[in-house]
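Novice: Sequence plus predicted model, see below.
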Amino acid sequence: MKRYPGLDLLRAIAILWVLLFHGMTEGLGAPLPAIGKLGWMGVDLFFVLSGYLIGSQLLKEYAAGQTPAIGTFYLRRAFRILPAYWVVLAFYSLLPTFREAEGLQPAWQFLTFTENFLIDYQHNRAFSHAWSLCVEEHFYLVLPLLVWALMRRPSWKTTAAVCAAIFAAGMILRSYVWLHHVGIPNHRQGAYVELIYYPTIMRLDGLLAGVVLAAIRWFRPGLWQKAMDNPYRLLALGIGSLAVAIWVARDRFNFAASVFGFPMIAVSLALIVAACVSDKCILGRIRIPGAESIATVTFSLYLSHKMTWHVLKTFWPELVNAGGLPSFCAFAGSAFLVGTVLFFLVERPFLQLRPSCIQRHKNAGV
């Protein structure tokens with residue numbers, strides 16, 4: 001798929017936003033606390049980008065009258081995700097010194113991508129950020145089957161109804177869980193994270209918004225072209241609605257943020273993503289120095305950044321204990337270095353191996 005400078009920029013922003021957030025939550029401080037405290041939204045941006053890009057891979061073929069091979073789709077995702085993930089998991093499992101927290105969920109939960117449903121967040125926070133990878137893996141597993149079912153008798157109305165139902169179901173479930181488990185007096189510590197923030201069924205908003213964006217692109221070309229011709233309207237609408245969403249989710253643990261915040265953020269970010277795809281938007285055609293490099297290693301960086309932080313704090317505390325901008329730069333720079341090494345030693349070799357393996361898979365007729 002064509003590489004978009006605007007999407008590289010958004011991916012770079014997403015990971016830096018997450019690093020700011022974790023710099024605050026993990027005790028490093030952050031140079032921009034007002035922005036850093038909202039850094040959890042960086043994961044929502046990742047979800048929208050993933051939904052759009054992965055959804056486009058599938059829907060593009062259907063729009064061309066072809067039926068994509070589901071096995072090939074799964075194989076592509078396995079080569080993309082599993083090697084780097086398994087290496088980082090091995091470090092966490094075999095070398096406790098590298099863990100940012102003492103407790104770690106059993107390895108089988110990470111291997112089966114069930115950690116986000118089963119985590120005991122109060123006691124086992126090491127590698128807990130793998131929850132978002134679990135959400136995406138569940139999405140990758142179900143999306144091809146759902147698209148295949150909808151494309152058997154294509155109907156825009158049916159598709160819209162299914163998407164609306166998924167959005168509504170998430171809001172209803174989060175509302176019920178908040179009212180009966182999270183919002184009650186003396187609720188269990190970690191209940192919000194375990195029951196609302198991490199589970200896949202609660203966090204489909206961003207991924208779904210991205211897929212809807214992809215569906216409009218490939219099945220409503222007239223509407224998509226109109227959007228591409230007016231990217232600044234999309235960008236202004238996205239930024240404006242994101243500002244409203246941030247206000248609603250200013251206390252991300254309350255009822256309004258839990259129920260309405262996620263879909264509002266997802267739709268706002270989807271509008272921004274659409275604007276950044278257009279070559280008529282300056283963000284969609286200008287390559288910001290460094291953005292592509294950061295975007296390229298984002299996955300490896302995300303997997304390893306907390307481990308890097310902990311190693312720095314354990315063995316070179318003078319680099320990170322000062323707090324503020326110096327500590328964040330040391331943390332972010334080291335995380336980028338480790339993520340780059342992981343990318344070139346593990347992630348990229350398997351990506352280079354992927355085409356030949358997929359071709360053998362196709363030749364075998366599997």
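Specialist: Good, I have the coordinates.
Novice: Quick check: the gap between Trp148 and Arg217.
Specialist: 19 Å (C-beta to C-beta, to the nearest Å). Where you see a C-beta, it was placed from the backbone N, CA and C, and this is true even at glycine.
Novice: Ignore what I typed, I meant Lys313.
Specialist: Distance from Lys313 to Arg217, by C-beta to C-beta: 44 Å.
Novice: The two: which is more packed in?
Specialist: Arg217 (22 against 18; other C-beta atoms under 10 Å).
Novice: quick one, phi psi at Gly222?
Specialist: Main-chain dihedrals, Gly222, degrees, to the nearest 10: phi -60, psi -50.
Novice: That one and Thr114, how far apart?
Specialist: For Gly222, the distance to Thr114 - C-beta to C-beta - is 43 Å.
Novice: And the lowest mean pLDDT element among the helices and strands of this protein?
Specialist: Least confident helix or strand of the chain, by mean pLDDT, DSSP states H and E, is helix 317-320 with a mean of 77.
Novice: about what we covered before: pick out whichever of Gly222 and Thr114 has more residues nearby.
Specialist: Between Gly222 and Thr114, Thr114 has the larger neighbour count (other C-beta under 10 Å), namely 16 against 7.
Novice: OK, contacts around the more buried one?
Specialist: Shown in contact with Thr114 (C-beta atoms under 8 Å, 6 or more residues apart in numbering): Cys134.
Novice: Now do the least confident helix or strand of the chain: which elements does it pack against?
Specialist: helix 298-315, helix 324-342 (3 or more C-beta pairs under 8 Å, 6 or more residues apart in numbering; DSSP states H and E).
Novice: which parts of it are buried?
Specialist: 319-320 (16 or more other C-beta atoms under 10 Å).
Novice: quick one: contacts of it?
Specialist: Outside helix 317-320, the residues that reach it (C-beta under 8 Å, 6+ apart) are 28, 309, 312-313, 327, 330-331, 334.
Novice: which among these gets closest to Lys37?
Specialist: For those, the residue nearest Lys37 by C-beta to C-beta is Leu28; the value is 13.5 Å.
Novice: still on that earlier bit, with respect to Pro106, which of the contacts of helix 317-320 is nearest?
Specialist: With C-beta to C-beta as the yardstick, the closest approach to Pro106 among the contacts of helix 317-320 comes from Trp309, at 23.3 Å.
Novice: what about the residue nearest the centre of the chain, which helix or strand?
Specialist: Residue closest to the average C-alpha location in the chain (C-alpha atoms, centre = their mean): Phe46, at 3.2 Å. Phe46 belongs to helix 41-63 when elements are defined using DSSP states H and E.
Novice: give me every residue that touches Lys60.
Specialist: With C-beta under 8 Å, 6+ apart, Lys60 has these contacts: Trp218.
Novice: where does it land on pLDDT?
Specialist: What the model reports as pLDDT for Lys60 is 94.
Novice: Over to Met24?
Specialist: For Met24, the predicted pLDDT is 80.
Novice: Gly36 is in contact with that one, correct?
Specialist: Yes - at 4.8 Å, Met24 counts as touching Gly36 under the criterion of C-beta atoms under 8 Å.
Novice: The two - which one has more neighbours?
Specialist: More crowded of Met24 and Gly36, by other C-beta under 10 Å: Gly36, with 23 against 17.
Novice: Enumerate every residue touching the more buried one.
Specialist: Contacts of Gly36 (C-beta under 8 Å, 6+ apart): 17, 20-21, 23-24, 30.
Novice: Let me know the distance separating it from Phe331.
Specialist: 12 Å.
Novice: what's the overlap in contacts for the two?
Specialist: Common neighbours of Gly36 and Phe331 (C-beta under 8 Å, 6+ apart) are Gly23.
Novice: List the buried residues in whichever strand or helix holds Leu16.
Specialist: If you go by DSSP H and E, Leu16 is part of helix 5-25. Using 16+ other C-beta under 10 Å as the test for burial, helix 5-25 gives 5-24.
Novice: Name the residues of whichever helix or strand comes after that helix that come out as buried.
Specialist: Counting by DSSP H and E, the next helix or strand C-terminal to helix 5-25 is helix 33-36. For helix 33-36, the neighbour count (16+ other C-beta under 10 Å) marks Gly36 as buried.
Novice: Which other helices and strands does whatever helix or strand Ala168 lives in contact?
Specialist: Using DSSP H and E, Ala168 sits in helix 156-177. Secondary-structure packing of helix 156-177 (3+ C-beta pairs under 8 Å, 6+ apart): helix 131-152, helix 205-219, helix 262-277.
Novice: ok, Phe219 - contacts?
Specialist: 59, 63, 156.
Novice: Among the residues you listed, which one sits closest to Asp251?
Specialist: Leu59 (36.7 Å).
Novice: if I look at the closest one, how far off is Leu49?
Specialist: 15 Å.
Novice: for Ser268, same thing?
Specialist: In terms of C-beta to C-beta, Ser268 sits 14 Å off from Leu49.
Novice: try Pro5
Specialist: For Pro5 relative to Leu49 (C-beta to C-beta), the value is 14 Å.
Novice: Also Ala332?
Specialist: When Ala332 is compared with Leu49 (using C-beta to C-beta), they lie 20 Å apart.
Novice: that older thread, mind checking the helices and strands packed on helix 317-320 for the one nearest to Gly42?
Specialist: So among these, helix 298-315 is nearest, using C-beta to C-beta, at 9.4 Å.
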